[in-house]
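>>> what follows is a predicted protein model with its sequence.
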Amino acid sequence: MGLTDRGWVRQGHWADLVVFDDSIEETATFTAPHQYPKGIPFVFVNGVAVIDEGKLTNALPGKVLSPQ
């Protein structure tokens, strides 16, 4: 897509990162599909925490990607 500021963890680039441990466990079921998995304490979108210590931050830092 020609996005040159993605795919690297560097200053000035957009960072989407997931921090997980060795205890990842799915908690969703067919009757309750909107459950978060265990073992993923942090998720960062564009360098902003959207999951912090397992809790939603309500931050919405994502943006639509389009070819440059």
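Noted; the coordinates are in hand. Here the structure is a predicted model, which is why all the values come from computation and not from measurement.
>>> next, find the distance separating the spatially most central residue of the chain from residue 30.
Computing the C-alpha centroid of the chain and ranking residues by C-alpha atoms, centre = their mean puts residue 43 first, at 3.8 Å. Using C-beta to C-beta, to the nearest Å, residue 43 is found at 24 Å from residue 30. (C-beta placed from N, C-alpha, C; glycine too.)
>>> now residue 65
Distance of residue 65 to residue 30, given as C-beta to C-beta: 31 Å.
>>> the two: which has the busier surroundings?
Shown here are residue 65 and residue 30; by other C-beta atoms under 10 Å, residue 65 has more neighbours (10 against 5).
>>> hmm, the more buried one is touching residue 3, no?
Yes - contact criterion C-beta atoms under 8 Å: residue 65 and residue 3 qualify, at 6.6 Å.
>>> residue contacts, residue 56?
Residue 56 makes contact with residue 50 under the criterion C-beta atoms under 8 Å, 6 or more residues apart in numbering.
>>> same thing with residue 55?
Applying C-beta under 8 Å, 6+ apart, no residues qualify as near residue 55.
>>> over to it: give its phi and psi.
In terms of degrees, to the nearest 10, the main-chain angles of residue 55 are phi -120, psi 140.
>>> do the same with the one 4 residues further on
Torsion angles at residue 59 (phi, psi; degrees, to the nearest 10) stand at phi -70, psi 140.
>>> then residue 39?
Here residue 39 shows phi and psi, under degrees, to the nearest 10, equal to phi 90, psi 10.
>>> local confidence estimate at it?
The confidence metric pLDDT takes the value 95 at residue 39.
>>> how about the nearest residue to it, chain neighbours excluded?
Leaving aside its chain neighbours, residue 39 sits nearest to residue 24 (3.7 Å; criterion: C-beta to C-beta, 6 or more residues apart in numbering).
>>> repeat for residue 13
Nearest residue to residue 13, sequence neighbours excluded (C-beta to C-beta, 6+ apart): residue 5, at 5.0 Å.
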